[in-house]
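Engineer: From the sequence below, what's the structure:
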Amino acid sequence: MTVRFGYACMNITLQKGNRDRVTCNRGMIKRTFAEKGLEYASELSLKNTMDLIKIIDWNNQQGIKVFRITSCLFPWMSEYELEDLPDFENIKFNLEYAGKIARENNQRLSFHPGHFNILTSNKPDVVDNSIVDLSRHGQIFDLMGMKRNHWSKINIHIGASYGDRESAITRWLKNFDRLPDSVKTRLTVENDDRERLFSTKMLYEGIYKTAGVPIVFDSHHFECGHQDSTYDEALAMAVESWPKGITPQCHHSNSKKNYEVESVAKTAHSDWYYKPFKDLGYTLDVVLEAKKKEKALLKYQRDFQLAA
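Structural biologist: Numbers count the residues shown, from 1 in each chain. I've put the predicted structure just below:
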């Protein structure tokens, strides 16, 4: 049994105390994009991809082998073709190099596109926009040279239930078939943190059994959401859904309400960790989703005497 831990999107250590702030999240509001256009989007994207290399390299130096890339790498990327960016060739080089050093060091990269990607929607424009956004994520992994499999996962929640989960799942499956192979071969689904949405068991029976899409088990969402199965049962279903030869990936965080600020919603992620992930002896890669990012990961390893 081996469990590797990682973190998501931002590196606080590299952002602070650095005259040239290292971040992959440079963006702009829609009005700025309308005013400055592709040239500014290209400038920010080039800087973001340069800093992605720095973060992946820092992770390797720290022995961190699991990292989620921010979906803000390209500002407003659904509004244009990546190839139309003036700096595309340099951006492409950065992505190729980032993918190369990740593969050479066995660092697993993933994406978690935003909640506005709703393949269960009954509004055609919402579905169309979701497909475009997901396609951009698939294209980025292709540009990085990542294989088209679930090692480099693109993870989403399946979306709103609209008061009828069965019909929502039917729409999701129909729209899943519209996705390009760059997305379909990498897509995973995650259990929700609200009872009106979708549990691990619902995803297992409705999505995995029909379309073979793996399930990312989120321990915090399990505690906040459905209790239609035990923790052990839910994790077992999620693990079973992954293809042979590819380590299942999970998410873990603690409730901010329970440990830090009582006035917030129980679904809010804590800054730090107070309970470890219960792995039940499985071999897993786990993305830790605390707000203190890599600092919380390193403290988690110290507190619970774990390796990366």
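
Engineer: List the contacts of Ala211.
Structural biologist: Each residue near Ala211 by C-beta atoms under 8 Å, 6 or more residues apart in numbering is listed here: 173, 176. Glycine gets a C-beta too; all of them are placed from N, C-alpha and C.

Engineer: burial measure for Ala290, as a count.
Structural biologist: By other C-beta atoms under 10 Å, 23 other residues sit near Ala290.

Engineer: What of Asp303?
Structural biologist: Counted by other C-beta under 10 Å, the residues lying close to Asp303 total 13.

Engineer: Give me the pLDDT for the closest residue to it other than its chain neighbours.
Structural biologist: Closest residue to Asp303 apart from its sequence neighbours, by C-beta to C-beta, 6 or more residues apart in numbering: Tyr273 at 6.9 Å. Model confidence at Tyr273, given as pLDDT, is 86.

Engineer: and what of Gly225?
Structural biologist: 78.

Engineer: Output the below-cut-off pLDDT ranges for this protein.
Structural biologist: 17-19, 266, 306-308 (pLDDT under 70).

Engineer: can you map out the strands along it?
Structural biologist: 3-8, 66-69, 108-111, 154-156, 187-190, 215-218, 249-252, 284-288 (DSSP state E).

Engineer: which outside residues touch the shortest one?
Structural biologist: By C-beta under 8 Å, 6+ apart, the list of residues contacting strand 154-156 from outside reads 110-113, 117, 119, 134, 137-138, 141, 183, 186-190, 216, 249.

Engineer: how near is the closest residue in space to Thr70 that isn't next to it in sequence to Gly114?
Structural biologist: In this structure, Thr70 finds its nearest non-sequential neighbour in Cys9, 4.2 Å apart by C-beta to C-beta, 6+ apart. Distance, Cys9 to Gly114, by C-beta to C-beta, to the nearest Å: 12 Å.

Engineer: wait, Gln301 sits on Phe5?
Structural biologist: Yes: Gln301 is within contact range of Phe5, at 6.9 Å (criterion: C-beta atoms under 8 Å).

Engineer: quick one, longest helix in the chain?
Structural biologist: helix 30-62 (DSSP state H).

Engineer: Buried ones in that helix, by neighbour count?
Structural biologist: Along helix 30-62, these residues count as buried under the neighbour rule (16 or more other C-beta atoms under 10 Å): 33, 38, 41-56, 58-60.

Engineer: before we move on, back to that, so who does the residue nearest to Thr70 touch?
Structural biologist: 24-25, 68-70, 293.

Engineer: so can I have a markdown table of those showing neighbour count and distance to Glu96?
Structural biologist: Listed next are the contacts of Cys9 as a markdown table, based on neighbours: other C-beta atoms under 10 Å; distance: C-beta to C-beta, whole Å:
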| residue | neighbour count | distance to Glu96 |
| --- | --- | --- |
| Cys24 | 24 | 16 |
| Asn25 | 15 | 21 |
| Arg68 | 22 | 20 |
| Ile69 | 24 | 14 |
| Thr70 | 17 | 18 |
| Lys293 | 19 | 26 |
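
Engineer: Just name the closest of the residues you listed to Asn94, please.
Structural biologist: Cys24 (10.8 Å; C-beta to C-beta).
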